[in-house]
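K.L.:
mind looking at a prediction? Sequence and model below.
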Amino acid sequence: MRARILSILAYTGAGFTLLIAACVPFVLMGVFSNVVAHAGLHIDASYSGGTIARTIQRGGYRIVVYQPVRPRMLERTGPFVQIVFEPADALPARVSDEIDLDGDGRLDVRVSFSVPADANAKMHGDVTALNGSYVSLSNVSDESFSRMVVRAGNKIVVRVPVNKAVAGQ
Amino acid sequence: MASQSSIPGASALRASTLRRSVAFRGVGRSILLTLPIALWALLMFTPAFQKAGRDEHIGALAVIVFMTGLFFLMMRTGETYRWRRIFFVALGFLFPFGFIASLIAERGTMSIPVSRMVSGDTPFCFMVTPSIILPAAFARTIIFPGSILPTASNPHSIAVMIGLWFALTLVLGTAWCSYACFFGGIEEGFAAFSKRRRLHRFVAKYSHILRLIPWAILVFVVLLSAAIFEPVYCMWLCPFKAVTEFPAVRNVETAIQMGIFVALFLGLVVVLPYLTKKRTQCGFFCPFGAFQSLFNKINLFEIRFDRTKCVDCTLCQTSCPTVALSKDSIHEGKTLLNCMKCGACVDVCKKDAAVWHLKGTLVAVKPERARLLFLYGAWAMATMFGGSILANSVATMIHWLPGK
């Protein structure tokens, strides 16, 4: 009797598996994707740049300043602040902007770069720290996740390292 | 019991396979059993026919015929492994082709520049899944440079790919590794090219240690990824980076990473499978395979051994591509947890002692019914997932034909 019940359950389960298989492309993929999408997850800040702190309008383009990203204990990426210049096609051929990163009314860094006409060309730029909170970069391109000047689509992404002593405070 | 050394390797396996080549079912009955898969394939590729391109139409049509034809042969001959392997090797070799072609067309290189990583344009790969679980659970952070939701520049987002993987896993369990993983097909292909089975004494002697390595790598990768918030396997250990995409070489660290990817690919995916006729990366290295084998517990289908028929010839053990059988497990009438349900042991068994089994039913009672139930689900998923990859790759190949 037990064997018969188990057998019926097994075949019911097998039928259910086939039903699941039939539902995968039409229902289940979407359901599971939605679950992941609405699970409150976010991409690690060392990749995404973190959350936006404020936006500065500069004529035809804007500068988006992000919150400083402080790495977790064993994370290899150093602390940095992401600055995005967008849209890239509205930027002048040569950009040199002094920016207040922490919103304290004092200018923190001067970011300078040339915008290549070819969107796929490798970019280089300079960051001059105007106080001790940030680290200057010379002729930087895509050295690491905490120091870069790169073009990503229609944006120029600049990452300025934060002085570790200051970041630790 | 026959010793390992007395088994004349491939020739014994081939002789056993030939025995099964006699028609297992009549043509009419085989066609009837194939009909559901043919209809499923048509349903899956109808959207491809609505696209404008002639190349896509040819690709879709070729895959419908290919997948339906192979299923028919499975029904007709009663063999699983031989026909599944044809699909799987085609998937393994055509996936990189289509993928690399799309990368070259889109960005002119196989490497991922940092700019694409920071803008979340890295396609998510299911192999990263174990690495991201702990940071996602405890810090709600995904340690992968992709995007959670699909975007125009990255349709293979994290939510889409995890949703797809989980849905397929519910149906396939560890059979994912034999019916869906486009990487496993590459090494199965190199294993198939080889005529002779070499190093089999070494593999047999140390298999109990070798099959623990993926678990050790899984634990290492999961813990280290959670500690340093980086997808460690993806960044340092994935052999398949060599034939898909890899971080752009821009300094010593990325050059070392690239060297490791190439060395692992050549060693574990090309040379060792060729020498041993085993899927060495899957059986002895892949942490995702170890992780995936946990889902065997919730899957209803398995391979069992009828001890009343088994003569302990160990042909099944020799033929298993992932070393998922030991003498002890065969004595217990079971496979090990990492069995990928490829069907090699069932096809090779001369005494019909290795059988497909539905958990909860009696062993060796209606094994063909269990096989059919398993294959309908598995082949439907293979057609949907692998088939669409194949169709895309075939369309790309046609597009690249000289003179086009």
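P.N.:
All right, it came through fine.

K.L.:
chain center to stretch B:329-341: distance?
P.N.:
Mean-position distance between stretch B:329-341 and its chain equals 18 Å (CA atoms, centre = their mean, to the nearest Å).

K.L.:
any idea which element the residue of the stretch 101-250 of chain B found nearest chain A lies in?
P.N.:
Residue nearest to chain A within the stretch 101-250 of chain B: residue B:163 (3.2 Å; CB to the nearest CB). From N, CA and C alone the C-beta is placed, and that goes for glycine too. Residue B:163 belongs to helix B:158-172 when assigned by DSSP states H and E.

K.L.:
lowest mean pLDDT among the helices and strands of chain A, which one is it?
P.N.:
Least confident element among the helices and strands of chain A, by mean pLDDT, DSSP states H and E: helix A:164-167 (a mean of 70).

K.L.:
residue B:83 against residue B:74, yeah?
P.N.:
Yes: proximity of residue B:83 to residue B:74 meets the contact threshold set by CB atoms under 8 Å, at 4.9 Å.

K.L.:
buried ones in the helix ranked longest in chain A, by neighbour count?
P.N.:
Taking DSSP state H as the criterion, chain A has its longest helix at helix A:2-23. Buried residues in helix A:2-23, defined by neighbour count with 16 or more other CB atoms under 10 Å in any protein chain shown: A:7, A:10, A:11, A:13, A:14, A:17, A:18, A:20, A:21, A:22, A:23.

K.L.:
that helix - contacts with which helices or strands?
P.N.:
helix B:158-172, strand B:354-358, helix B:367-381 (3 or more CB pairs under 8 Å, 6 or more residues apart in numbering or on different chains; DSSP states H and E).

K.L.:
contacts for the helix holding residue B:163?
P.N.:
A:17, A:20-21, A:24, A:28-37, A:41, B:123-126, B:129, B:142, B:144, B:146-150, B:176, B:179-180, B:292, B:295, B:298-299, B:377-378, B:380-381, B:385 (CB atoms under 8 Å, 6 or more residues apart in numbering or on different chains).

K.L.:
okay, the angle between that helix and helix B:367-381?
P.N.:
Using axes from the mean of the first three to the mean of the last three CA atoms, to 10 degrees, the direction of helix B:158-172 lies 170 degrees away from that of helix B:367-381.

K.L.:
just the strands in chain A please.
P.N.:
Under the criterion DSSP state E, chain A contains strands at A:42-43, A:52-58, A:61-66, A:80-86, A:94-99, A:109-114, A:125-129, A:137-140, A:148-152, A:155-161.

K.L.:
show me where the stretch 101-250 of chain B has helices.
P.N.:
B:114-118, B:129-139, B:158-172, B:176-179, B:184-193, B:200-210, B:213-228, B:232 (DSSP state H, counting those that start in this stretch).

K.L.:
residue nearest the middle of chain A, spatially speaking?
P.N.:
Nearest residue to the geometric centre of chain A (CA atoms, centre = their mean): residue A:48, 1.3 Å.

K.L.:
follow-up on the earlier one: show me how to select, in ChimeraX, the buried members of the contacts of helix B:158-172.
P.N.:
For the buried members of these, the matching ChimeraX selection, counting by 16+ other CB under 10 Å, is:
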select /A:17,20,21,24,28,29,30,32,33,36,37,41 /B:123,124,125,126,129,142,144,146,147,148,150,176,179,180,292,295,299,377,378,380,381,385
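
K.L.:
and residue B:38, that's in a helix?
P.N.:
Yes: assessed with DSSP: H, G, I helix; E, B strand; the rest coil, residue B:38 lies in a helix.

K.L.:
where's the nearest residue to it once chain neighbours are set aside relative to chain A, distance?
P.N.:
Leaving aside its sequence neighbours, residue B:38 sits nearest to residue B:68 (CB to CB, 6 or more residues apart in numbering or on different chains; 4.5 Å). Plainly put, residue B:68 is 16 Å away from chain A if you go by CB to the nearest CB, to the nearest Å.

K.L.:
what's the burial count for residue B:68?
P.N.:
If you count neighbours by other CB atoms under 10 Å in any protein chain shown, residue B:68 ends up with 21.

K.L.:
tell me where chain B has strands.
P.N.:
Taking DSSP E as the criterion, chain B contains strands spanning B:111-112, B:141-142, B:246-247, B:301-305, B:354-358.

K.L.:
any idea how far the fourth one is from the middle of the chain?
P.N.:
Between the mean C-alpha point of strand B:301-305 and the mean C-alpha point of its chain there is a distance of 18 Å (CA atoms, centre = their mean).

K.L.:
give me the helices and strands touching that strand, please.
P.N.:
So strand B:301-305, by 3+ CB pairs under 8 Å, 6+ apart, packs with strand B:354-358, helix B:367-381.

K.L.:
walk me through the domains of chain A.
P.N.:
Per automatic domain parsing, the domain ranges recorded for chain A read A:1-41, A:47-167.

K.L.:
any idea how far the residue nearest to the centre of chain A is from residue A:99?
P.N.:
Distance, residue A:48 to residue A:99, by CB to CB, to the nearest Å: 20 Å.

K.L.:
same question for residue B:125.
P.N.:
Residue B:125 sits 36 Å away from residue A:99, taking CB to CB as the criterion.

K.L.:
the more surrounded of residue B:83 and residue B:74?
P.N.:
Each of residue B:83 and residue B:74 has its neighbours counted (other CB under 10 Å); residue B:74 has more, 26 against 21.

K.L.:
and that one, how far from residue A:52?
P.N.:
55 Å.

K.L.:
I'd assumed residue B:42 was in contact with residue B:64.
P.N.:
Yes: using CB under 8 Å, residue B:64 is in contact with residue B:42, at 6.3 Å.

K.L.:
who has more neighbours, the two?
P.N.:
Legend: neighbour count by other CB under 10 Å for residue B:64 and residue B:42, higher for residue B:64 (22 against 13).

K.L.:
do you know the pLDDT at the more buried one?
P.N.:
pLDDT for residue B:64: 97.

K.L.:
what residues are up against it?
P.N.:
So residue B:64 contacts B:38, B:41, B:42, B:45 (CB under 8 Å, 6+ apart).

K.L.:
which of those sits closest to residue A:133?
P.N.:
Proximity of the contacts of residue B:64 to residue A:133 (CB to CB) peaks at residue B:45, which lies at 57.9 Å.

K.L.:
how about that closest one, nearest residue that isn't a chain neighbour?
P.N.:
In this structure, residue B:45 finds its nearest non-sequential neighbour in residue B:60, 4.0 Å apart by CB to CB, 6+ apart.

K.L.:
where's the one you found relative to residue B:48, distance?
P.N.:
If you go by CB to CB, the gap between residue B:60 and residue B:48 works out to 4 Å.

K.L.:
joint contacts of those two?
P.N.:
residue B:391.

K.L.:
ok, these two, which is more surrounded?
P.N.:
residue B:60 (26 against 21).

K.L.:
could I get the average pLDDT for stretch A:110-119?
P.N.:
Here stretch A:110-119 scores 93 as its mean pLDDT.

K.L.:
rewinding a little: so which of the domains of chain A gets nearest residue B:358?
P.N.:
domain A:1-41 (4.9 Å).

K.L.:
off-centre distance for the closest one?
P.N.:
Between the centre of domain A:1-41 and the centre of its chain there are 35 Å (CA atoms, centre = their mean).

K.L.:
how near is residue A:42 to residue B:285?
P.N.:
Taking CB to CB, one finds residue A:42 at 31 Å from residue B:285.

K.L.:
quick one: end-to-end length of stretch A:75-88, please.
P.N.:
End-to-end distance for stretch A:75-88, by CA to CA, to the nearest Å: 31 Å.

K.L.:
swap in stretch B:261-281?
P.N.:
End-to-end distance for stretch B:261-281: 12 Å, by CA to CA.

K.L.:
what comes up buried for it?
P.N.:
B:261, B:264-265, B:268-270, B:272-281.

K.L.:
so where's the stretch 201-350 of chain B uncertain?
P.N.:
Nowhere does the stretch 201-350 of chain B drop to pLDDT under 70.
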